[in-house]
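In: Could you look at this predicted model? Sequence included:
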Amino acid sequence: MKKLILLAVVACSFVAANAKTVKETFKVGGNCETCKERIEKTAKGVKGVISANWNSKTKQLALVFDDKSTSVEKVQKAIAAVGHDAGNVKASKAAYDKLPGCCKYQK
């Protein structure tokens with residue numbers, strides 16, 4: 001029984017050791033607090049994202065994620081899908097046009 005418990009602990013430790021937390025920062029177009037809420041909610045909705053914080057002054061999104069579960073590109077695509085240019089991924093005209101007036105940023 002002790003060996004089984006030890007084996008389970010070692011296995012869990014091995015899995016946790018393989019997970020790699022990555023910090024990335026990239027530009028996301030937007031203007032206001034409504035943008036901030038939408039950008040952060042969308043980023044955090046991507047599986048594997050641990051935290052997301054968008055600064056409306058610098059237009060930078062600070063992202064922390066598990067690189068085994070997701071990638072910067074997946075997060076950028078999700079943000080672009082709700083109307084905000086994210087890094088090298090541009091929002092479609094249709095997605096941008098759905099943004100409220102206060103959120104229409106200079107493209």
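Out: Alright, I've got the coordinates. Numbering: from 1, shown residues only.
In: Mind jotting down where the strands sit in the protein?
Out: Remark: strands assigned in the chain by DSSP state E are 21-27, 49-55, 60-66.
In: which one of these is the most hemmed in?
Out: Greatest average neighbour count among the strands of the chain goes to strand 60-66 (a mean of 19), per mean count of other C-beta atoms under 10 Å. Glycine gets a C-beta too; all of them are placed from N, C-alpha and C.
In: Let me know the distance separating the residue sitting nearest the centre point of the chain from Gly101.
Out: In the chain, the centroid-proximal residue (C-alpha atoms, centre = their mean) is Ala43; its distance is 3.3 Å. According to C-beta to C-beta, to the nearest Å, Ala43 and Gly101 sit 23 Å apart.
In: closest to Lys90 out of the strands of the chain?
Out: strand 21-27 (11.6 Å; C-beta to C-beta).
In: How much space separates Lys98 from Gly83?
Out: According to C-beta to C-beta, Lys98 and Gly83 sit 6 Å apart.
In: Counting neighbours, go ahead and name the busier of the two.
Out: Under the criterion of other C-beta atoms under 10 Å, the comparison of Lys98 against Gly83 puts Gly83 first, with 25 against 12.
In: Just list the residues touching the more buried one, thanks.
Out: With contact set as C-beta atoms under 8 Å, 6 or more residues apart in numbering, Gly83 has these partners: Arg38, Ala91, Ala95, Tyr96, Asp97, Lys98, Leu99, Cys103.
In: And for Ala62?
Out: Ala62 sits next to Lys23, Glu24, Thr25, Ser51, Ala52, Asn53, Trp54, Asn55 when contact means C-beta under 8 Å, 6+ apart.
In: List just the nearest of those to Thr34.
Out: Of the contacts of Ala62, the one sitting nearest to Thr34 (C-beta to C-beta) turns out to be Trp54, at 11.4 Å.
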